[in-house]
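Student: sequence first, predicted coordinates after that:
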Amino acid sequence: MDVTRISLGNTVFEGENNAYLLDGDVTTLVDVGASTANVRADLLDGLSAADVSVSDLDRILLTHWHSDHTGLAGELQAESGATVFAHEADLPLIAGDDDALAELRALREERFTQWGIPKDKREELVAVQSAFEDVAGDPADIEPLADGDQVAAGDGELTVFHLPGHAAGQIAFTFERDADDGSGPVSEPRSEAFVGDAILPQYTPNVGGADLRLDRPLEHYIDSLDRLIARDFDYAWPGHREPIEDPSGRARVIREHHLERTNRVVETLREHGPADAWTVSAHLFGELEDIHILHGPGEAFAHLDHLEHAGVVELDGSEYRLVETDPDVAALFPNTKY
């Protein structure tokens, strides 16, 4: 499997996006970046350096619905005729389905009220989200994927690995790479994956705010991390920044981070009394601006929700109250997959 990483210099969301070119019998892109002139120029430069044009594209595979990964899909499809694939859970949003978009906006209003985001911060966030919607690009016609599906790409085949948490339809595309396949300096066979934002080399992917549609988002994400650890990939190609040489190790670090954060949420409620998600996020992260107005209370909510389902806290209106003052937080993160 010949993989070419194309760095995209966009500044939305986490920034430093990657698109991956798999050239061969089925010329394929994995993720495409936001719909901006600069990102499109970066992508075209990367394709040109590989002696590939947009018209050569046969398939576009999308790891999840966020516009910094999908924004150019519609216009690339229109220009090339490429078939675009994404997980079935994210398909309506990428396709620009009016009902799905309206439901997401209504859910945002419901959650922002529930979380206690102040009026001025909500107004700031609306402006930020409007800018993100501007880089979503043209809708694409999407073919659905599900866990375990196989898709021809390049000169090989990829397997879909569903990893919900950061997004309901977050998927990885996995493959085995032989030492003698001629695609690069690999000394022995190894397993690899295009992981989107399931794990990232520097940041911990946001859970709770990045996709409001997920029930029990932290539980889903911890389960996905455990599945990644159990698969023990040799190499991962993330949606942002540099490749990850120890995916299981990185997943363990992120898992431990969430356990520690859950402990901090418990300590916050113990020290400051009942609080809504916005107040908890203020204790965790301080003053929030830009997209963090969403991601901060969303992250707090994911941990509070996890604690609520475990019976450690209870929700009264919009405030969470400790009912178990000294919980065994580590027991809420059992290792079930490895």
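Tutor: Happy to help now that I have it.

Student: just the strands in the stretch 1-150 of the chain please.
Tutor: Ranges of strands in the stretch 1-150 of the chain, per DSSP state E, counting those that start in this stretch, are 3-8, 17-22, 28-30, 59-61, 83-87, 142-145, 150-153.

Student: out of those strands, deepest packed?
Tutor: Sort these by mean neighbour count, taking mean count of other Cβ atoms under 10 Å, and strand 28-30 sits at the top with a mean of 28. C-beta coordinates here come from the backbone N, C-alpha and C atoms, glycine included.

Student: direction included, what does it pair up with?
Tutor: Applying DSSP bridges, strand 28-30 is found paired with strand 17-22 (antiparallel), strand 59-61 (parallel).

Student: closest one to Asp45 among those?
Tutor: strand 17-22 (11.2 Å; Cβ to Cβ).

Student: quick check: Asp42 vs Val151, distance?
Tutor: Here the criterion is Cβ to Cβ, to the nearest Å. By it, Asp42 lies 25 Å from Val151.

Student: then Ile60?
Tutor: For Ile60, the distance to Val151 - Cβ to Cβ - is 11 Å.

Student: so what sits against both of the two?
Tutor: Common neighbours of Ile60 and Val151 (criterion: Cβ atoms under 8 Å, 6 or more residues apart in numbering): Phe85.

Student: residues contacting His69?
Tutor: Neighbouring residues of His69 by Cβ under 8 Å, 6+ apart: 17, 31-33, 62-63, 196-197, 239.

Student: go again with 6 Å.
Tutor: The contact partners of His69, by Cβ atoms under 6 Å, 6 or more residues apart in numbering, come to 31, 63, 239.

Student: which residues sit in contact with the closest residue to it other than its chain neighbours?
Tutor: The shortest distance from His69 to any non-neighbouring residue, by Cβ to Cβ, 6 or more residues apart in numbering, is to Asp31 (4.5 Å). Counting by Cβ under 6 Å, 6+ apart, Asp31 touches 19, 63, 69.

Student: who's the first one bridged to?
Tutor: Listed by DSSP bridges, the beta-bridge partners for Ala19 are Ile6.

Student: thought it was touching Thr4?
Tutor: No: assessed by Cβ atoms under 6 Å, Ala19 is found out of contact with Thr4, at 9.1 Å.

Student: between the two, which contacts overlap?
Tutor: Applying Cβ under 6 Å, 6+ apart, one finds that no residue jointly contacts Ala19 and Thr4.

Student: secondary structure class for Gly208?
Tutor: Following DSSP: H, G, I helix; E, B strand; the rest coil, we place Gly208 in the coil state.

Student: OK, contacts around it?
Tutor: Applying Cβ under 6 Å, 6+ apart to Gly208 gives the contacts 217, 298-299, 301-302.

Student: looking at those, which two lie furthest apart in space?
Tutor: Spatial extent of those (Cβ to Cβ) is set by the pair Pro217 and Glu299 at 9.4 Å.

Student: on that earlier part again, over to the residue nearest to His69: give its phi and psi.
Tutor: Dihedral angles of Asp31 (phi, psi; degrees, to the nearest 10) stand at phi 70, psi 150.

Student: residue ranges with poor pLDDT in the stretch 51-200 of the chain?
Tutor: Applying pLDDT under 70 to the stretch 51-200 of the chain flags the ranges 179-187.

Student: how does it look with 50?
Tutor: Within the stretch 51-200 of the chain, the ranges that satisfy pLDDT under 50 run 182.

Student: if we can go back for a sec, make a markdown table from the strands paired with strand 28-30 and add distance to Asp211 to it.
Tutor: Converted to a markdown table, the strands paired with strand 28-30 look like this (distance: least, Cβ to Cβ, whole Å):
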| stretch | distance to Asp211 |
| --- | --- |
| strand 17-22 | 18 |
| strand 59-61 | 19 |
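
Student: confidence score at the residue lying closest to Pro243 once chain neighbours are set aside?
Tutor: Counting by Cβ to Cβ, 6+ apart, Pro243 lies nearest to Trp237, which is 5.5 Å off, once chain neighbours are set aside. As predicted, Trp237 sits at a pLDDT of 98.

Student: in a strand, Trp237, correct?
Tutor: Yes: per three-state DSSP, Trp237 lies within a strand segment.

Student: okay, it and Glu75: tell me how far apart.
Tutor: The gap separating Trp237 from Glu75 is 24 Å, by Cβ to Cβ.

Student: so how far is the one helix or strand Leu228 maps to off the chain centroid?
Tutor: In this assignment (DSSP states H and E), Leu228 forms part of helix 217-231. Between the centre of helix 217-231 and the centre of its host chain there is 13 Å, according to Cα atoms, centre = their mean, to the nearest Å.

Student: ok, residues contacting it?
Tutor: The contact list for helix 217-231 (Cβ under 6 Å, 6+ apart) reads 163-165, 207-208, 214, 248, 251, 255, 302, 306, 337-338.

Student: tell me which of these has the lowest pLDDT.
Tutor: Within these, pLDDT reaches its minimum at Tyr338, with 74.

Student: give me the pLDDT value at the residue nearest to it when sequence neighbours are not counted.
Tutor: Excluding the flanking residues, the one nearest Tyr338 by Cβ to Cβ, 6+ apart is Ala230, at 4.2 Å. Predicted confidence (pLDDT) at Ala230: the value is 96.
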